[in-house]
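Peer 1: Show me the folded form of this:
(chains A, B, C and D)
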There are 2 protein chains.
Amino acid sequence: MELSATAYVILGMVSREARSGYEIKVLVDETTRFFWAASYGQIYPELKRLAEAGLIEGADAPRGKRKRTVYAITPQGEAALKEWLRQPPATYELREEGLLKLFFAGVLPREEAVEVVRSMRGYRAGQAEQLRALEPKAREKEEAGEPFPLIVLRGGIEFNERLVEWCERTEAELLELDTPEPSR
Amino acid sequence: MELSATAYVILGMVSREARSGYEIKVLVDETTRFFWAASYGQIYPELKRLAEAGLIEGADAPRGKRKRTVYAITPQGEAALKEWLRQPPATYELREEGLLKLFFAGVLPREEAVEVVRSMRGYRAGQAEQLRALEPKAREKEEAGEPFPLIVLRGGIEFNERLVEWCERTEAELLELDTPEPSR
DNA sequence: ACAGGCATGTAAATAGTTACATGATTCG
DNA sequence: CGAATCATGTAACTATTTACATGCCTGT
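Peer 2: Numbers count the residues shown, from 1 in each chain, chains lettered A, B, ... in the order given. Modelled structure (predicted):
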């Protein structure tokens, strides 16, 4: 049975403790989101499919009077997760509209091309900040014996910081294109 | 009229000279692919839509006896492209299965977690190499007065090289987790 | 003669987002 | 009381990939 990578996100998210669809969504937004997002429109139907396939198991777990279903991984689910983890990763996709605009920025006046890079820089700086705000939680997990979330998060922070740097250099480069060093 | 970012890829690709769908696909694969891909299934239908909307114009341009249609941008198309370029970029997506696997690698024995990072490193090293192979073409364009493709390409090379570095550091870090410095 | 590249296209499937609907509970 | 958060879900839409079909032309 073929599962999508998003199915494995869910499998991974319930592999340590049982969680509700809502909790999975919140967790995804706090952790994997910057390199693998998932929406309710994927999560809830996928939970049903995984339960039908016997890879997870739902159980009623109301909070007070509020209905709630949490899903736990089954032994088959854990086997499937591990098998997937052992396969070499296949998906590597980047969609960066800023780079796309920059690529075509030759049709714009120079000042507007610089503006594209500035937008990218602003976004990446904000992103780095948001990720840094998540560090304390990840550090707690690390102290509890789960080192990977923190490793990945730090990778994300670094990635964004490097991009900010690159944007700064590129901005400078673009400005120099207009006012070349006087060659004496 | 709302256009997808992929529509603008096409608009940009025909903005300097008239090109066929096939040529656009080849060009995309050689240039924007690493941050914005496009398949035939998108390109050909989109060419029709753009032509109907009057943003590009098709013309027969057979090569020998082989039929061929090239599309050129119209003034309205150029206006639409420029307007889009002036909007701040909105799409920033990364889907990296390797990071996803690493995030969940706590359920694997340590050696297999390292393997995930090694796969990522291998992929990124190969990617950097492929992009470096495209540099000569981009440099030609630069010499012809189009500096942006080279700027973007160099960004891509750098991005991949940094990731390779990060993978190396992370591999070392993971190995140390198992054999901690003897604290004396 | 055949392989490989040029060239155009479509159908089907999969993936993913967005927006909406519904209702309970908690906190200020 | 009202806002925010918890909680579950679906419908409609958009995007995108994959695989296939077709056929010409060029070089070996």
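Peer 1: Do I have it right that residue A:102 meets residue B:150?
Peer 2: No. Using Cβ atoms under 8 Å, residue A:102 is not in contact with residue B:150; the gap is 11.2 Å. For the C-beta atoms, the positions are set from N, CA and C on the backbone; glycine is no exception.
Peer 1: neighbour-wise, which of those two wins?
Peer 2: Of the pair residue A:102 and residue B:150, residue A:102 is the one with more neighbours under other Cβ atoms under 10 Å in any protein chain shown, namely 28 against 18.
Peer 1: Look at that one and tell me its secondary structure.
Peer 2: Per DSSP: H, G, I helix; E, B strand; the rest coil, the secondary structure class of residue A:102 is helix.
Peer 1: Please enumerate the strands of chain A.
Peer 2: Here chain A has its strands, by DSSP state E, at A:56-60, A:69-73, A:92-96.
Peer 1: So is the second one next to DNA strand C?
Peer 2: No. Judged by Cβ under 7 Å from any atom of the strand, strand A:69-73 and DNA strand C are separated, with a smallest distance of 12.8 Å.
Peer 1: which residues touch that strand?
Peer 2: Contact partners of strand A:69-73, identified using Cβ atoms under 8 Å, 6 or more residues apart in numbering or on different chains, comprise A:10-11, A:14-15, A:17-21, A:23, A:47, A:50-51, A:55-61, A:81.
Peer 1: Restricted to buried residues, select those residues in ChimeraX.
Peer 2: To isolate in ChimeraX the members of the contacts of strand A:69-73 that are buried, counting by 16 or more other Cβ atoms under 10 Å in any protein chain shown, one can use:
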select /A:10,11,14,15,18,19,20,21,23,47,50,51,55,56,58,81
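Peer 1: check the contacts of strand A:69-73 against DNA strand D, which are close?
Peer 2: Filtering the contacts of strand A:69-73 for proximity to DNA strand D by Cβ under 7 Å from any atom of the strand leaves A:20-21, A:23, A:47.
Peer 1: Turn the strands of chain A into TSV, columns for mean pLDDT.
Peer 2: As requested, the strands of chain A are exported to TSV (pLDDT from 0 to 100):
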stretch	mean pLDDT
strand A:56-60	96
strand A:69-73	97
strand A:92-96	95
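Peer 1: Now render these as a markdown table, adding distance to residue A:6.
Peer 2: Formatted as a markdown table, those follow (distance: least, Cβ to Cβ, whole Å):
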| stretch | distance to residue A:6 |
| --- | --- |
| strand A:56-60 | 14 |
| strand A:69-73 | 15 |
| strand A:92-96 | 13 |
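Peer 1: residues touching the residue in chain A positioned nearest to DNA strand C, list them.
Peer 2: Nearest to DNA strand C, among the residues of chain A, is residue A:65, at 2.1 Å (Cβ to the nearest atom of the strand). Residues counted as contacts of residue A:65 (Cβ under 8 Å, 6+ apart): none.
Peer 1: Got phi/psi on it?
Peer 2: phi -90, psi 0 (degrees, to the nearest 10).
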